[in-house]
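Novice: Predicted structure and sequence below. I'll ask about it afterward.
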Amino acid sequence: MNGLSKGMPRALLEKAWLGSFLAAAAVWAAAMIYSGGQGGGQMLGAALSFSTFFVIVGIGQMLIIATGPGNVDLSIPGTIALAGAIAMKVMDGEDSLIVVGLAASLAAGAAVGAANYGLIRVLRIPPIIATLSSNLLVQSTAIAYGRGLRVKPPPAFADFTTATVFGVPVLALCAVVFAAVMAVVLARTVFGRSVLAIGQNMRAAWLAGVAVDRTRLLTYTLSGLFAGLCGALLAGFSGGSSLDMGMEYLLASIAVVVIGGTSVAGGKANVPGIWGAALFLFLLLTMLNTFGAGAGVRLVMTGLIIIAVITMAGGDKPAR
Amino acid sequence: MQATSERLIRLQGVAKSFGPVRALAGVDLAVDAGECLGLVGHNGAGKSTLMNVLAGTLEADAGEIVIHGERRSPYNVGLAHRLGIRCVFQELSLCPNLTVAENARIIHPKLSGWGWRKRAAGLIVAKLDEIFPGHGIRADDVVGDLSIGRRQMVEIARAFTVSDRPVHLVILDEPTSSLDSVSAEQLLSFVRKVVATGLGCILISHLLGEVLDYADCIVVMRDAKVVTSRPAREMTRDSLVAAMGDVGDERVVAERPSAVRRRDAAPIRVRVRSRRGGRHELVAHEGEVIGLAGLAGHGQTDALIQIYRSSRRRAADTVVTGPVALVPGDRQTDGIFHLWSIGQNIGIRSLKRMSRRGLIDLAQERQLAEDWKRRINIRTPDMTNNILSLSGGNQQKALFARALGSDAEIVLMDDPTRGVDVGTKLEIYEMIRTEAAKGRTFLWYTTEMEELANCDHVYVFRNGRIVADLASDQLTEAKVLQSSFEETV
């Protein structure tokens, strides 16, 4: 890593996020060849729609993973389920209550995130265990709260979450803007720099004047908040909340972060890569689906890809 | 007693370097059977390196090791152990998750088969009873649960246990540092007793009284060399201290009379009452350079961290007026961010100041980096290069730039010139003086005597307490050493 020339770090970053987009394109092309060029546009539209949700939770997960080894949020599935249930129940099918319902689900998500950090900091529980157990608590709360009732989203909310402009989902466009904003936050704000500094060396960050506790609290709170947002939107998108709708986001949220080029060793985050990785992941699963592979094969593939990406990314870590 | 004339070990011309740092520059040492050799010297004099070479844990670059009259090469830990050389190091080497008996078994491979645990227990407890009567340690106690003093006892007792191989030489590196006075006394009496039976012993201690009272012969090391080797009865405290420092060291190290006058006029920046009690409190005024002296690890870093912590969260016993920045000495663990450029590493402490409407002004960050590159001469073609592209000394300069380029009025320095070459050191001293003249306050922990000459006022630490408070006109190397080694009353 010695003697990096001026443009090198940026070039590396670009390479990292380009990679996930190239992989997504390759998978799409493979699927096209297999299906003889049919339904390509439709497939892309679906990929954009579903990737949006991956991206929203992925960015929260990325903030946490970037604060260093061991930091991870496993409470995302439960938070999505709870926030979805809250959003639907509070909105109660009324257009006038959309804002209230959205605010309630965001608040619930943020509260879960803040509570997670409370467990980690005050009770000194490792993040993996803290967020995993809080996932169980939150999931159970969602079950008790929702009581299995399926409330339909308000029409305006359902329309918004499924709307498209020129074939492109509106939500996906919003998520692109959201990702762009978060990329700026990461690179150009005190919070973003603090996250990256903590990820490289927490003690050095503290000694350099970084507000370590506040920053870490904020990363967990934001991850909860984004999971809450995802839950509400997902409930609107799929015509009501269900208790297991967060399930696949446990692995997916981590997968898109890692495949997107964020370092699991901490200190290096990559926002555009999350978009590429989300598209890649969705397209890959769709392709396997069209090949007739079962759910088991799809999960095995996802796991293998994560391992492969971490192994490859491990090569360019500078020696401390 | 008849074995006393037999030579156990002889080291000749042993040299060892770590990169550019010469830890041993050709050292001769000999220990006879039935002799207790005292080894003293200031931090970094090379004592521990020498003992590591003797124990086989470090390989010497040059020189020969003769044990029982035979030249040993290659030499290693296993051979040392077979030849009956045992070591009790400062960093305790017991496994905290194992019991006392299991730890004893580790160095006695002979204890195997059914009932090894019981035999190991018998071995270690018998030795503990012999050295420290009334020790209160059970063989099935888990080592991690024992107090530091008791762990030290187990470590010492284990070094003296014998199963199949005889013990000929025991190295005790600061054995009494975590023992109370009764156990220390028990240990030293035991050492005298076993030495009389023909065992050899090397005793390293910062408590000069111990060495003078219990060693037969005293070797003084300074700057990687042996400077004195004489029978203990010919030495006194004062001659030992003189041998460790400069001989004509009554001269005043620092000549900065202006500092003394300034002291009362300037406002107080830092005031620390020691948590462990003590006669003195630490006070730093505006524009002063305060030295924290004493042996390494005697609470100087803790004091700096205490000040740093209370600058961020108010504490009752510490007064800090003004923003604080810290310059770490351990760059890799406390300082640099290895994924970032030099400029980003400098800017991290000043991000808030460089932000406009919530966004960091990148032009200003670049400007800060370029300013400091020029001012303290960081040797790099481009400040956007990765921080690891710099040499150690220049990385340290970047850390100085981080602190000095910030809004901090108080700068804490935790042995910041560790591993820095002489040229860079002089540049750093110059920089500190310039900044102090502008009104900044420096608190400077250093293990190097010559750096104290740059200080207006020096506090000497021992066991977490301030034991001496010296103005620059009273500062002599002898006084600092004297208080560092002072006996507990």
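Specialist: Received, thanks.
Novice: How about the residues of the stretch 201-320 of chain A by chain B?
Specialist: Residues of the stretch 201-320 of chain A lying close to chain B (CB under 8 Å from any CB of the partner chain) are A:Asn201, A:Arg203, A:Ala204, A:Ala205, A:Leu207, A:Ala208, A:Gly209, A:Val210, A:Gly267, A:Lys268, A:Pro318, A:Arg320. In short, each C-beta sits where N, CA and C put it, glycine included.
Novice: which of the residues you listed lies closest to B:His42?
Specialist: Among these, A:Leu207 lies closest to B:His42 (CB to CB), at 27.6 Å.
Novice: Can you name the residues of chain B that neighbour chain A?
Specialist: B:308, B:325-326, B:328, B:332-341, B:344, B:348-349, B:351-352, B:355, B:358-360, B:362, B:382, B:384-386, B:388-389, B:402, B:406.
Novice: one more time with 6 Å
Specialist: Counting by CB under 6 Å from any CB of the partner chain, chain B comes close to chain A at B:326, B:328, B:334-335, B:337-339, B:348-349, B:351-352, B:359-360, B:382, B:384-386, B:388-389.
Novice: Enumerate every residue touching B:Ala243.
Specialist: Residues near B:Ala243 by CB atoms under 6 Å, 6 or more residues apart in numbering or on different chains: B:Val220, B:Val227, B:Thr228.
Novice: right, and the last one touches B:Val220 too?
Specialist: Yes: if you go by CB atoms under 6 Å, B:Thr228 and B:Val220 touch, sitting 4.1 Å apart.
Novice: Compare neighbour counts for these two and give me the winner.
Specialist: B:Val220 (25 against 18; other CB atoms under 10 Å in any protein chain shown).
Novice: can you confirm the more buried one is in a helix?
Specialist: No: assignment of B:Val220 by DSSP: H, G, I helix; E, B strand; the rest coil gives strand, placing it outside any helix.
Novice: Give me the pLDDT value at it.
Specialist: In this model, B:Val220 is scored at 92, pLDDT.
Novice: Buried members of the residues of chain B next to chain A into ChimeraX, please.
Specialist: Filtering those down to the buried ones (16 or more other CB atoms under 10 Å in any protein chain shown) takes a single ChimeraX command:
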select /B:326,328,334,335,337,338,339,348,349,351,360,384,385,386,388,389
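Novice: Take the residues of chain B next to chain A and keep only those in helices.
Specialist: For these, not one is inside helices, with DSSP state H as the criterion.
Novice: Just the helices from the stretch 151-300 of chain A, written as ranges.
Specialist: Applying DSSP state H, counting those that start in this stretch to the stretch 151-300 of chain A gives helices spanning A:155-162, A:170-188, A:190-200, A:202-207, A:212-237, A:249-259, A:271-290, A:295-313.
Novice: Kindly reformat the ones you listed as CSV containing distance to B:Leu475, mean pLDDT and mean neighbour count.
Specialist: Shown next, in CSV, are these (distance: least, CB to CB, whole Å; pLDDT from 0 to 100; neighbours: other CB atoms under 10 Å in any protein chain shown):
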stretch, distance to B:Leu475, mean pLDDT, mean neighbour count
helix A:155-162, 74, 91, 17
helix A:170-188, 48, 94, 17
helix A:190-200, 38, 95, 24
helix A:202-207, 29, 94, 20
helix A:212-237, 38, 96, 25
helix A:249-259, 56, 89, 26
helix A:271-290, 56, 88, 24
helix A:295-313, 54, 79, 14
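Novice: Between the ones you listed, which one is closest to B:Leu443.
Specialist: Short answer: helix A:202-207, nearest of the helices of the stretch 151-300 of chain A by CB to CB, at 14.2 Å.
Novice: residue nearest the centroid of chain A?
Specialist: Of all residues in chain A, the one closest to the mean position by CA atoms, centre = their mean is A:Gly58, 1.6 Å from it.
Novice: What score does that residue have for pLDDT?
Specialist: pLDDT, the model's per-residue confidence, is 95 for A:Gly58.
Novice: Which residue does the stretch 101-250 of chain B have closest to chain A?
Specialist: For the stretch 101-250 of chain B, the residue closest to chain A is B:Gly144, as judged by CB to the nearest CB, at 18.2 Å.
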